[in-house]
Structure formats: structure tokens, C-alpha cells
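Peer 1: this one's sequence-less:
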């Protein structure tokens, strides 16, 4: 009887000790940072089939997060970082040239006299590539720098994964 | 006798389990607290639910500004401690940041207006491009670009380079411009993220001078 009581007390105390809810400090659930998440996402294609050894044009689709813009490939200010697409050499796929869309003019409300050349929403880069015969899992890169009207994120490079099949 | 020994053994075993569980719980809580502290050390732009305005909440508010010593464009080391006794605006900016360049003329005007009261600005260039001193060519190119920008904008206050090296101490600096206003004792009395307005900056300068 005594043993059973001891066990009962011990089990209850143990349960309390181990399973007491660990209450974290209160966080403000309404707090949120405005510029969170990926500023630019690669959408598609994930796989392309091209003629091996011949120049092919593939259209790469990207999406910019709402409220943000990135500099076009040809920003007007020499200090601004252009959007640039690249494919590392030695992956069986050679980037001959990348064709970028024209930027759209954007004027920041605080500086109406200055026009920026930017991309917003979705945009397409045409990559002119030559692929060797075979299946090549290419990790291309897109370098850009994003801002909204009042603040800027650091320059960033994102991977652009494409399965290129040369036939 | 045999029964007492059994009870004693069981009690000792339970006590040992208690001790272990208590220790494990303590460790778990410690780690959770550390994780929470680490996440809280990052500044956040918080939207006021009633007004819809975004306000920067820095974990450095009311605390001594983290000490730093960085090179200026001439290669001279400038330390934050050199400015003790003055109200200081530490302004993190970058050459590629358009809102920073809109803000800079305001900063220049305000600096000239309040300098006589013991106010100074330290512009800290934070290029965030991963270029370190070991890559001398890229480092020099960056430095030349910053110098050109400083010259074009006629920035009269010290401009320091390699702000990335102190970014973590100042809450991560995920977005630019970011400014910290320090009182004469070196405590952070206000912080701003993003382009606000000249009057907002002026209000914070006055706050820094008043303390």
C-alpha cells in the first residue's frame, strides 16, 4: 500500500516536472516585418529539351514579390545593381547570351524628379543556350537587388534550377 | 526489512529521475530562452494595427549602442567612443540604395543645422556584397565607388566603410537605410528603418540632443 502511494506521488510529480508547458515569452502576433520572404522567385520551366549543339532560346519566368521592384538589366544610375542571369561554365550548357526585358519607369514618391528603370511583378529572361547531348541539371543564377519605395534589401543571388536535355 | 529496502530503492530511483528530469527541463528552457533572445536581437518593422504605419522596433532601444571602430575612406580608424559627449546619428547606407540617397541631403542639412549643439552623423557604408579586405581589387573598387558617391553628394560627415562587419550587433540590418540615434552618453534613444521624412529624422535628433 505504502509502495503504491509512493509510486502515485512520484508519478504525479514526475509528470508535473516533465510535462509542465514551457511558456515562451509573449510575442506580438500582430508584429510583422514588411520585407520578409523571397523577393524574387524562379517560376518555370523546370525542364527543357533542346537540339544538342545548336543555339536554342529558352524563356525563363520569374516573379517579384508584391510591393517590391528590382533594377532592370540596364539601370540608369551607375551605382545601381543590374539584374543579371548567368550559367556557370562546365555544366554541359553554355549561355551565349541573355536577353532581358526593358525596364519600366518608376518614380519614388519622395524623389519625383528621378526615374528608375525597374522590373515589377512577373518578367521573362530569354537565355540563348547551346547544350551538349545528354541530360544536364543546370543551376543557373540570377543576381538582383530589390527595394520598395522606402527601403532596400541587400543584393542577392538566387539559384535557377533547370534540367536541360540535349537531343 | 526486505520491503523497506525495496521502498527505499524505489524512492531513490524516483528522486534520481526527478533530478534528471529537472535538469533536462532546465536545459531545455535555457536553450529556448537563448533562441528567443537571438531572434529578438533582430530589429523588426512593425505595422501599427490602428494607423497602418510601419514603425521600426529595435532591440537596442534604451541600451548603449554597440561599440565599433571602422576605417573611414582615408584609411583612418574611427571609433564610436570618439564621439562620447555628442549626440550621434549612426546612418547605415549603401551606394546601391536609392532611398538612402534621397535621405542623404536631409541628413546633410540637419547635420549642418545641429552640429553647433554637439551633433554628428556617422555614415556607415554597408554594401552587403560579401567583399572582404582579402579581395584587394574588389575592396579598392568598392571603396572608390563609395568615395565617388560621397563626393557627388557632398557628404560633410565621416563616412566609414565595412558596415557589414558590425551589422549583426545592430540587429541584422536586413534593409537600408537604417539609422540609430544616440544620446550624449551613447545610448540608443531612437531608431529608424527605411526612408521616413526629414521632420521624423529631426525629431529624433532633438530627442538625442535632449538626453
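Peer 2: Cool, the structure landed. What you see is a predicted model; the values in this text were computed from it and never measured.

Peer 1: local confidence estimate at residue B:47?
Peer 2: Each residue has a pLDDT score; the one for residue B:47 is 62.

Peer 1: what do you get for the one 3 residues further on?
Peer 2: As summarised for this prediction, residue B:50 has a pLDDT of 68.

Peer 1: again, but for residue B:60
Peer 2: pLDDT recorded at residue B:60 is 93.

Peer 1: that one in helix, strand or coil?
Peer 2: Following DSSP: H, G, I helix; E, B strand; the rest coil, we place residue B:60 in the coil state.

Peer 1: so what's the residue positioned nearest the centre of chain B up against?
Peer 2: By C-alpha atoms, centre = their mean, chain B has its centre lying nearest to residue B:170, at 1.5 Å. Residue B:170 sits next to B:43, B:60, B:66, B:90, B:92, B:178, B:180 when contact means C-beta atoms under 8 Å, 6 or more residues apart in numbering or on different chains. The way it works is simple: take the backbone N, C-alpha and C, and place the C-beta from them, glycine included.

Peer 1: over to residue A:82?
Peer 2: Counted by C-beta under 8 Å, 6+ apart, residue A:82 has contacts A:71, A:72, A:73, A:74, A:75.

Peer 1: and residue B:200, by the same measure?
Peer 2: residue B:192.

Peer 1: give me phi/psi at it?
Peer 2: phi -60, psi -40 (degrees, to the nearest 10).

Peer 1: sec struct for residue B:123, please.
Peer 2: Taking three-state DSSP, the label given to residue B:123 is strand.

Peer 1: quick one: the nearest residue to it once chain neighbours are set aside and residue B:94, what's the gap?
Peer 2: Excluding the flanking residues, the one nearest residue B:123 by C-beta to C-beta, 6 or more residues apart in numbering or on different chains is residue B:159, at 4.2 Å. Distance of residue B:159 to residue B:94, given as C-beta to C-beta, to the nearest Å: 12 Å.

Peer 1: which ones are touching residue B:91?
Peer 2: B:103, B:107, B:121, B:122, B:123, B:124, B:177, B:178, B:179.

Peer 1: farthest-apart pair in those, please.
Peer 2: Farthest-apart pair in the contacts of residue B:91 is B:103 and B:122; separation 14.5 Å (C-beta to C-beta).

Peer 1: got the contact list for residue 72?
Peer 2: No chain specified, so I'll use chain A. Contacts of residue A:72 by C-beta under 8 Å, 6+ apart are A:82, A:83, A:100, A:101, A:102, A:103, A:104, A:117, A:118, A:119.

Peer 1: think we crossed wires, I meant chain B
Peer 2: B:78, B:158, B:159, B:160, B:161 are the contacts of residue B:72 under C-beta under 8 Å, 6+ apart.

Peer 1: could you do residue A:97 as well?
Peer 2: Counting by C-beta under 8 Å, 6+ apart, residue A:97 has contacts residue A:128.

Peer 1: partner residues bridging it?
Peer 2: residue A:128 (DSSP bridges).

Peer 1: all helices of chain A, in order?
Peer 2: Secondary structure of chain A (DSSP state H): helices at A:2-19.

Peer 1: how distant is stretch B:123-136 from the center of its chain?
Peer 2: 17 Å (C-alpha atoms, centre = their mean, to the nearest Å).

Peer 1: any idea of the mean pLDDT for it?
Peer 2: Mean predicted confidence for stretch B:123-136 is 85.

Peer 1: for that stretch, buried residues please.
Peer 2: Going by neighbour count (16 or more other C-beta atoms under 10 Å in any protein chain shown), the buried part of stretch B:123-136 is B:123, B:124, B:125, B:126, B:127, B:128, B:129, B:131.

Peer 1: now swap in stretch A:135-142 and tell me
Peer 2: A:136, A:138, A:140, A:142.

Peer 1: chain neighbours aside, what residue packs nearest to the third one?
Peer 2: In other words, residue A:140. residue A:160 (4.1 Å).

Peer 1: relative to chain B, how far out is the one you found?
Peer 2: Between residue A:160 and chain B the computed distance is 19 Å (C-beta to the nearest C-beta, to the nearest Å).

Peer 1: ok, that residue - contacts?
Peer 2: A:42, A:60, A:85, A:139, A:140, A:141, A:142.

Peer 1: what about 7 Å?
Peer 2: By C-beta atoms under 7 Å, 6 or more residues apart in numbering or on different chains, the contact list for residue A:160 reads A:42, A:60, A:140, A:141, A:142.

Peer 1: quick check, distance from stretch B:200-211 to the centre of its chain.
Peer 2: The answer for stretch B:200-211 is 18 Å, by C-alpha atoms, centre = their mean.

Peer 1: could you dump the contacts of residue B:91 to TSV with distance to residue B:17?
Peer 2: Shown next, in TSV, are those (distance: C-beta to C-beta, whole Å):
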residue	distance to residue B:17
B:103	61
B:107	62
B:121	60
B:122	57
B:123	60
B:124	54
B:177	56
B:178	50
B:179	54
